[in-house]
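>>> Prediction below, plus the sequence it came from.
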Amino acid sequence: MSTLGRMLAERRDILKLTGRAGVPLIAATVLLNLLLGVLPVVFTVYAAVVVGRVPAAVRDGIGSAAWDSLLRAFAVGAAAFVAQQIAAPLRESVGELLARRIDGLVIDSVMRAAMGTTGIGPLEDTAVVQDLRTAARELENWVQSPGQACAGQLALHARYTQLAGYAVIVGAAFSWWAAAGLAAAVGLFRYGMRGGLRKYAGVRIGLDAVELKNDYLRALTIDSAAAKEIRVFGLLEWLRDYWRRCYLDWLAPLWTARRRIYLWPFLWFTGWTLLVTAAVLGVLGHVAADPGSDVTLTRFAMVVTAVLSALRLGDFYPESDLQTAVGMHAYDSVRRFFAGLERAAAANGGPAAPKEGTSEAGGEPAAPMPAPRGSLHFDQVTFSYPGEDRLVFDRLDLTIPVGRCTAVVGVNGAGKTTLVKLLARLYEPTSGAVRVDGVDIRERDVEAWRTHLAVIFQDFARYEVSAADNVAFGAVAHRADAESVRAVIDAVGLGAALDALPHGADTLLGRQLPGGADLSGGQWQRIALARALFALRHGSSVVVLDEPTASLDVRAEAGFFRDFTSLAEGATTVLISHRFSTVRQADLIVVLDQGRVAEQGSHEELMARDGAYARLFRLQAERFTDDADDADDAGGADDADDALRTGNGTGNDDESVEAGR
Ligand SMILES: Nc1ncnc2c1ncn2[C@@H]1O[C@H](COP(=O)(O)OP(=O)(O)OP(=O)(O)O)[C@@H](O)[C@H]1O
């Protein structure tokens, strides 16, 4: 697209977005801007009239008709000046209101879309995430936002009305040729300034990825979690140097671009503009100096003031230029973000993604879903993550019985967490289906299906709200059920620890929050377990726990399974764990390997089979005996690797570590 085409498309987009502010606000902004265009011109005219009437007023004295006429002209000029002083801040306020309203609508639509995707695939897509982060940065910082681009574009009315007014003054009071020449010279200078800014903004926008990296490094230096390692490992010097280099990677191209874009063009445009202006003023002076000329003092003053004022209009407009050049960048990112969501929705065959500027997601809502009664079946499920060739599952066939406890084991990367993501419809299978009582879950309403699920992921969320709310988020509609919250807190053995906090279970969990406190890793894990129990008490019937005992001490781990199975009596439990002491008590144990089920059965059945599970179980049991040192040797680790790598071997370095837990 040509530069002009791009410029027009940019302006058209801003206009379309401006329309969302509503007619009254747009009308008020335009009106104030027109007023700010006309008032300086009126002031210029009457200032010249005052100058022209001074000689007669001085000659005729106070009280004369010439004196009164001078006062009238002065009053009009002063009124125009005062009105301008009032209109300018009013324009600022109304413009800000318009900008904030538009930005608010854009932020709403982005948040709705980001939170409203059925799956999480789009939010893990690098391009989509980068667009979201870019949009969020501009919208949050409110430096050059889309709303400000809209307000900035409307502010141009004031500037161009002024230019037209000054040109009319020069044309009417002197020469229409001079007026045209002046307008062209100012236009040329503006083109140079604004065009340069567009190019500069283009370079800055091209450095988005580097800027985001710098944002990350800045945040990292003050991140409390990283602060520990930065100090312990002595990373500070390295980090400082790395950040400095990244910062220069961002700054150096900007410096170069600024010199290239601005220096010579600026001199060239300035030279031409000054030349034309000098020609207009020179001819004016020449004509005025002619004794027979009809150029009066008033007209002379008016034209000179108009020319000089117009000249200023060729310059940079602080209320408009940067905003219109960069402000829409965030909006472009927003649009790319929406396009990315749509692409991801189409690729996953899921429901249509919400569109930018709309409030609802597309697609027909599916029918609600009854609680599962028979089985959860991964029916020939093949899956690879978007953009990845590697199959995590290759025609996986797995049946999870309802009302029983199924444990899933496998080496790091075997696909255990992915299994849960597919079950919760955070991703859709590439082929095959997840069926509940024989029905593909994609045929059901996703929200309805999720009301049956209570999933605690390995990296469960630690909300900076009260401990009680952290638990109640398992079934947020029942947040007021304090009795149940207390019951599940006690059930996971957290009652005493929370009672010791300043406000008991109502203490905010976040050390940096006023009156807040933090918990240990194991206590947080208990909070997550309580959340799952709370969900079970309020209607969920399938509970999935991904590494629920990873942070629990040995005593707590031993008690966990016994307590949890009695608390989750009748529910379908899916337990993912590397700890065989937890796993062994499940009704069914499934060993995942190479994207398929390698073995399944009860602990006794699998031990009798003496396959991968049995070897790994024995290896882990040995760790708790006096022979631990023997089991810890390389042979033992190899054994563990071989045990779970029943297929053609993945060469995963972490396997021995995990197997040895
Ligand atoms: N968001 C993602 N995008 C691309 N690949 C992913 C993503 N999440 C996981 N993977 C890959 O999918 C495979 C299965 O990962 P998954 O997390 O399901 O394994 P896991 O069995 O739960 O491992 P662990 O025991 O370490 O928790 C791994 O190879 C992993 O690298």
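Looks like it arrived, so ask away. Note that this is a predicted model, so its numbers are computed, not measured.
>>> Secondary structure element holding V30?
Taking DSSP states H and E as the definition, V30 sits inside helix 23-60.
>>> Then W238?
Here W238 sits within helix 236-289, counting by DSSP H and E.
>>> so what does that helix touch, helix or strand wise?
Applying 3 or more C-beta pairs under 8 Å, 6 or more residues apart in numbering; DSSP states H and E, one finds that helix 236-289 contacts helix 176-206, helix 208-221, helix 297-312. No exception for glycine: its C-beta is placed from N, CA and C like everyone else's.
>>> mean confidence for that helix?
Regarding helix 236-289, the rounded mean pLDDT is 85.
>>> where does that helix sit relative to the chain's centre, distance-wise?
Remark: helix 236-289 is offset 33 Å from the chain centroid, using C-alpha atoms, centre = their mean, to the nearest Å.
>>> Now do it and helix 208-221, the angle between them.
130 degrees (axes from the mean of the first three to the mean of the last three C-alpha atoms, to 10 degrees).
>>> Strands along the protein, start to end?
Using DSSP state E, the strands of the chain run over 375-383, 393-401, 405-409, 431-436, 439-440, 453-456, 542-546, 572-576, 588-593, 596-601.
>>> what lines up beside the fourth one in the sheet?
According to DSSP bridges, strand 431-436 has the following sheet partners: strand 375-383 (antiparallel), strand 439-440 (antiparallel).
>>> most neighbours per residue, which of these?
strand 375-383 (a mean of 19; mean count of other C-beta atoms under 10 Å).
>>> In stretch 223-231, which of the residues would be classed as buried?
For stretch 223-231, a neighbour-count test (16 or more other C-beta atoms under 10 Å) marks I230 as buried.
>>> Check which residues of stretch 124-136 are buried.
Within stretch 124-136, the residues scored as buried using 16+ other C-beta under 10 Å are D125, V128, V129, Q130, D131, L132, R133, T134, A135, A136.
>>> could you point out where this protein is predicted with low confidence?
1-3, 142-143, 345-368, 551, 554-555, 558, 623-661 (pLDDT under 70).
>>> Include distance to the ligand and mean neighbour count when you put the helices and strands packed on helix 236-289 into CSV, please.
Below are those laid out as CSV (distance: least, C-beta to the nearest ligand atom, whole Å; neighbours: other C-beta atoms under 10 Å):
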stretch, distance to the ligand, mean neighbour count
helix 176-206, 27, 18
helix 208-221, 19, 15
helix 297-312, 55, 20
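>>> show me what contacts L132?
V110, A114, L123, S333, F337 (C-beta atoms under 8 Å, 6 or more residues apart in numbering).
>>> For burial, what's the neighbour tally of C405?
For C405, the tally of surrounding residues (other C-beta atoms under 10 Å) stands at 23.
>>> these two touch, right, it and S577?
No. Using C-beta atoms under 8 Å, C405 is not in contact with S577, being 11.4 Å away.
>>> picking that back up, hmm, which two among the contacts of L132 are most spread apart?
The distance between the two most remote of the contacts of L132 (C-beta to C-beta) is 14.8 Å, for L123 and S333.
>>> Smallest distance to the ligand belongs to which residue of the stretch 251-400 of the chain?
For the stretch 251-400 of the chain and the ligand, the shortest gap (C-beta to the nearest ligand atom) falls at Y385, measuring 3.4 Å.
>>> quick one: contacts for that residue?
Taking C-beta under 8 Å, 6+ apart, we find Y385 in contact with G121, E124, V392, Y427.
>>> between those residues, which is nearest V280?
E124 (61.7 Å).
>>> quick one, what contacts K421?
I120, Y427.
>>> Next, work out how far apart it and A227 are.
31 Å (C-beta to C-beta, to the nearest Å).
>>> swap in A57?
Taken as C-beta to C-beta, the span from A57 to A227 is 75 Å.
>>> show me the contacts for the residue of the stretch 101-250 of the chain found nearest the ligand.
The ligand sits closest to E124 of the stretch 101-250 of the chain, with a gap of 4.5 Å, by C-beta to the nearest ligand atom. For E124, the contact set (C-beta under 8 Å, 6+ apart) comprises Y385, P386.
>>> The stretch 251-400 of the chain against the ligand: which residues are in contact?
When proximity is defined as C-beta under 6 Å from any ligand atom, the stretch 251-400 of the chain approaches the ligand at Y385, E388, V392.
>>> and if you look at the chain?
124, 385, 388, 392, 410, 412-418, 458.
>>> Which among these count as buried?
Y385, V392, G410, A414, G415, K416, T417, T418.
>>> Now the phi/psi pair for the second one, please.
Phi and psi for V392, reported as degrees, to the nearest 10, are phi -80, psi -40.
>>> Repeat that for the third one.
Comment: the main-chain dihedrals of G410 come out as phi 160, psi 160, following degrees, to the nearest 10.
>>> show me what contacts it?
Applying C-beta under 8 Å, 6+ apart, the residues near G410 are K416, V591, L592, D593, A598, L644.
>>> who wins for neighbours among the residues you listed?
Compared across these, L644 has the highest neighbour count, 28 neighbours, by other C-beta under 10 Å.
>>> now the end-to-end length of stretch 392-410.
12 Å (C-alpha to C-alpha, to the nearest Å).
>>> May I see the buried residues of it?
For stretch 392-410, burial by neighbour count (16+ other C-beta under 10 Å) applies to 392-394, 396, 398-400, 402-403, 405-410.
>>> for stretch 586-600, same thing?
586, 588-600.
>>> May I see these arranged in JSON lines, with distance to D249 as well?
Output for the buried residues of stretch 586-600, formatted as JSON lines (distance: C-beta to C-beta, whole Å):
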{"residue": "A586", "distance to D249": "52"}
{"residue": "L588", "distance to D249": "54"}
{"residue": "I589", "distance to D249": "51"}
{"residue": "V590", "distance to D249": "48"}
{"residue": "V591", "distance to D249": "47"}
{"residue": "L592", "distance to D249": "43"}
{"residue": "D593", "distance to D249": "43"}
{"residue": "Q594", "distance to D249": "42"}
{"residue": "G595", "distance to D249": "40"}
{"residue": "R596", "distance to D249": "45"}
{"residue": "V597", "distance to D249": "48"}
{"residue": "A598", "distance to D249": "47"}
{"residue": "E599", "distance to D249": "51"}
{"residue": "Q600", "distance to D249": "52"}
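>>> which one of those residues is nearest A167?
The closest of those to A167 turns out to be G595 (C-beta to C-beta; 73.9 Å).
>>> Is that closest one in contact with D394, as I believe?
Yes. If you go by C-beta under 8 Å, G595 and D394 touch, sitting 3.9 Å apart.
>>> rewinding a little: out of the strands paired with strand 431-436, flag the one nearest L508.
Here strand 375-383 is closest among the strands paired with strand 431-436 (C-beta to C-beta), at 36.9 Å.
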